[in-house]
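Student: The following block contains a protein sequence and its predicted model.
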Amino acid sequence: MSDTRINNLGLPPIKPLGSPASIAQPTAPVGKDFKSYLMESLEKVNQLQNEANAGVERLATGQTDNLAEVFSATRKAGVAFDLLMEIRNKLTDAYTELKQMRV
Amino acid sequence: MLMSDITNGGATPLLEKTLAFTAARQKMLATNIANITTPGYRAKQLDAEAFQKALRDASQKRRVTGGSLELSGSKEFRTDSVGLLNVTPSEEPAENLLFQDGTNARIERQMALLAENAMVNQAAAELLKGAFHGIEKAIRGRAV
Amino acid sequence: MFGALDISTSGLVAQRINLDTIVGNIANMQTTQRVDGQTGPYLRRVALLTSGDGRGGDGVHVQSVVEDTQSKTRAIKDPSHPDADANGIVYYPNIDPSTEMVNAMVAVRAYEANLTAIESTKSIVASTLRILA
């Protein structure tokens, strides 16, 4: 019986695996992450509240008589606060639901 | 600290003082109107601009020293020890016009002041309601 | 707030008495006899308003209704009149219709002004109450 050398089967030789460093990295996500987005929203809501407060003070001390602007600023601050609060509530609800999941 | 900051922070005390001012002014305007035909009666006035200036000064002082809102700069508008507003009406200037029966109150001006007073009161009350509503919302954690 | 309502109410009462007095004058323009029996015609009456509500508070009240003895009565020569005096002169009241009409208009306008003040006070109380609701 003749030896069939494995070498001569004509298969291409096995190349060693590349090093982990050369594996392509997944691309970084476009835009900011959720945490910084939330912090920015908090800042914005705070800023709107401060502006609304300052507007009310200017109205009460007679430095402006633009009633519509002041009322609209207070409503805007209120709506922004509502939105942030609802986001927080949804997040807490989602977290509670996750916690209760049986893995 | 927390309790007083919540209830006395921001523009809320200014709105409260404005409501006190409109209430006192309403009484004074009612007196002027009741005496519109009384011979020799001189109308009293509570100047809105003077009140707003006193408010501005008090707000400025609060920004510097902190604490509650106190009106002390003007002799017509002061806050007493409890924080309530005390007003001292002054006589309306004669305007070089004295009617035959010695009065100087013109009914049109009193009517106009009456309308203005009601509007200022309503605006301040609405803003105050909104401020309280916002605080309650935050405490409850739900929008409704 | 209710002090303001009391004050306006005192204005209403005072103006109504004022108007009643003026209307009485107009009605008695030709009255040559007096109720109290004294000689002479009906004399023009004036309601005296003073500030204060008569009890130390604010407002207005009618201090008294007095007769106008200053202005002159009208003397008409009419010997056949039952109220003619020894010289045949009848004295008619010292009431001038135009004066009374103007005074009546002033009283009515003042009355309406007090009504407006009451409405305004009510609206202020309503909007202040809304804060608590």
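Tutor: Okay, I see it.

Student: my guess is residue B:68 is in a strand, correct?
Tutor: No: secondary structure of residue B:68 (DSSP: H, G, I helix; E, B strand; the rest coil): coil, not part of a strand.

Student: That one contacts residue B:83, doesn't it?
Tutor: Yes: counting by Cβ atoms under 8 Å, residue B:68 touches residue B:83, with 6.2 Å between them. In short, each C-beta sits where N, CA and C put it, glycine included.

Student: Nearest spatial neighbour of residue 61, chain-adjacent residues omitted?
Tutor: In the absence of a named chain, chain A is used. residue B:56 (3.9 Å; Cβ to Cβ, 6 or more residues apart in numbering or on different chains).

Student: wrong one, I was asking about chain B
Tutor: residue B:70 (7.0 Å).

Student: residues in contact with that neighbour?
Tutor: B:58, B:61-62, B:79, B:83 (Cβ atoms under 8 Å, 6 or more residues apart in numbering or on different chains).

Student: which ones are touching residue C:94?
Tutor: Residue C:94 neighbours (Cβ under 8 Å, 6+ apart): C:41, C:43-44, C:68, C:71-74.

Student: Which two of the residues you listed have the greatest separation?
Tutor: C:68 and C:74 (13.4 Å; Cβ to Cβ).

Student: In chain A, spot the helix with the most residues.
Tutor: The residue-count maximum for a helix in chain A (DSSP state H) belongs to helix A:67-99.

Student: what about it and chain C, touching?
Tutor: No: counting by Cβ under 8 Å from any Cβ of the partner chain, no contacts exist between helix A:67-99 and chain C, the nearest distance being 14.7 Å.

Student: which helices and strands does that helix pack with?
Tutor: Here helix A:67-99 touches helix A:34-60, helix B:107-140, going by 3 or more Cβ pairs under 8 Å, 6 or more residues apart in numbering or on different chains; DSSP states H and E.

Student: Which of the three states applies to residue C:91?
Tutor: Once three-state DSSP is applied, residue C:91 turns out strand.

Student: And for it, the neighbour number?
Tutor: Neighbourhood size, residue C:91 [other Cβ atoms under 10 Å in any protein chain shown]: 19.

Student: swap in residue B:20?
Tutor: 18.

Student: cool, residue B:126 as well?
Tutor: Neighbour tally, residue B:126, other Cβ under 10 Å: 17.

Student: For it, give me its contacts.
Tutor: A:71, C:127, C:130.

Student: The residue of chain C found nearest chain B - how many residues pack around it?
Tutor: Residue nearest to chain B within chain C (Cβ to the nearest Cβ): residue C:11, separated by 3.1 Å. Residues near residue C:11, counting by other Cβ under 10 Å, number 31.

Student: For the nearest residue to it once chain neighbours are set aside, which residues are in contact?
Tutor: Excluding the flanking residues, the one nearest residue C:11 by Cβ to Cβ, 6+ apart is residue B:34, at 3.1 Å. By Cβ under 8 Å, 6+ apart, the residues touching residue B:34 are C:7-8, C:10-11, C:14, C:58-60, C:114, C:117.

Student: Which of those residues are buried? Put it as a PyMOL command.
Tutor: Applying 16 or more other Cβ atoms under 10 Å in any protein chain shown to the contacts of residue B:34, the buried members can be selected in PyMOL as follows:
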select buried, chain C and resi 7+8+10+11+14+58+59+60+114+117
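
Student: So which of the contacts of residue B:34 sit within helices?
Tutor: Filtering the contacts of residue B:34 for helices - DSSP H - leaves C:7-8, C:10-11, C:14, C:114, C:117.

Student: Could you find the two of these that are most distant from each other?
Tutor: C:14 and C:117 (13.3 Å).

Student: For chain A, what's the nearest residue on chain B?
Tutor: residue B:52 (3.3 Å).

Student: Just want the most central residue of the chain.
Tutor: Let's take chain A. Central residue of chain A (Cα atoms, centre = their mean): residue A:34, 1.6 Å from the mean position.

Student: wrong one, I was asking about chain C
Tutor: residue C:18 (2.0 Å).

Student: From the chain's centroid, how far away is the strand or helix carrying that one?
Tutor: Using DSSP states H and E, residue C:18 sits in helix C:2-27. With Cα atoms, centre = their mean, to the nearest Å as the basis, helix C:2-27 stands 8 Å off its chain's centre.

Student: Also stretch C:60-78?
Tutor: The answer for stretch C:60-78 is 12 Å, by Cα atoms, centre = their mean.

Student: From start to finish, how long is it in a straight line?
Tutor: Length of stretch C:60-78, first residue to last, Cα to Cα, to the nearest Å: 44 Å.

Student: If anything else comes up later, I'll come back, but that's it for now.
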